[in-house]
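*Asks:* Quick one, structure for this:
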Amino acid sequence: MIKQLLSIFYLTIIFLSCEPNQDKISVFIDPTQCLSNEWDVTWLETHEYDEYPSTEDGRLKIFTDYYKSVGVKMYDSYSKWIYNAVCAACICPTGERYYCTVIKSDVEFLLNFGFSLE
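*Replies:* Presented below is the predicted three-dimensional model:
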């Protein structure tokens with residue numbers, strides 16, 4: 001009896017932990033200066049008196065939290081410095097690039113917001 005209950009328990013856990021097989025695609029975006037990115041603007045509007053994070057992890061969390069809040073499913077994300085020198089204008093990149101892996105159905109949405117395929 002205990003073996004049967006354990007078998008049912010393990011099968012239930014395996015069944016519930018499985019995700020549907022969805023194609024995953026890697027994309028990236030180069031944030032711009034002056035906190036002018038949509039995720040920065042949204043964060044600043046909702047954190048009026050908080051200091052903007054100065055760490056890579058803090059900035060990446062704001063980025064991923066924003067896209068998750070608009071319905072994008074991110075499997076992983078990371079940032080990497082790709083430029084040694086950048087201009088200081090607000091339209092220039094910060095030098096940091098954000099990479100993430102998303103489901104295929106979210107790619108077109110992200111490409112419309114300036115992302116590129118990796």
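*Asks:* now stretch 35-53, how far from the chain's geometric center?
*Replies:* Here stretch 35-53 is found 16 Å from its chain centre; the criterion is C-alpha atoms, centre = their mean, to the nearest Å.
*Asks:* Do you have the strands of this protein handy? List them.
*Replies:* According to DSSP state E, the chain carries its strands in the segments 24-29, 74-81, 96-103, 116-117.
*Asks:* Remind me what the second one packs against, helices and strands.
*Replies:* Under the contact criterion of 3 or more C-beta pairs under 8 Å, 6 or more residues apart in numbering; DSSP states H and E, the helices and strands touching strand 74-81 comprise helix 56-69, strand 96-103. For every residue, glycine as well, the C-beta is placed using N, CA and C.
*Asks:* Report the rounded mean pLDDT for that strand.
*Replies:* Strand 74-81 comes out with an average pLDDT of 95.
*Asks:* can you give me the angle that strand makes with strand 96-103?
*Replies:* Interaxial angle of strand 74-81 relative to strand 96-103 (axes from the mean of the first three to the mean of the last three C-alpha atoms, to 10 degrees): 160 degrees.
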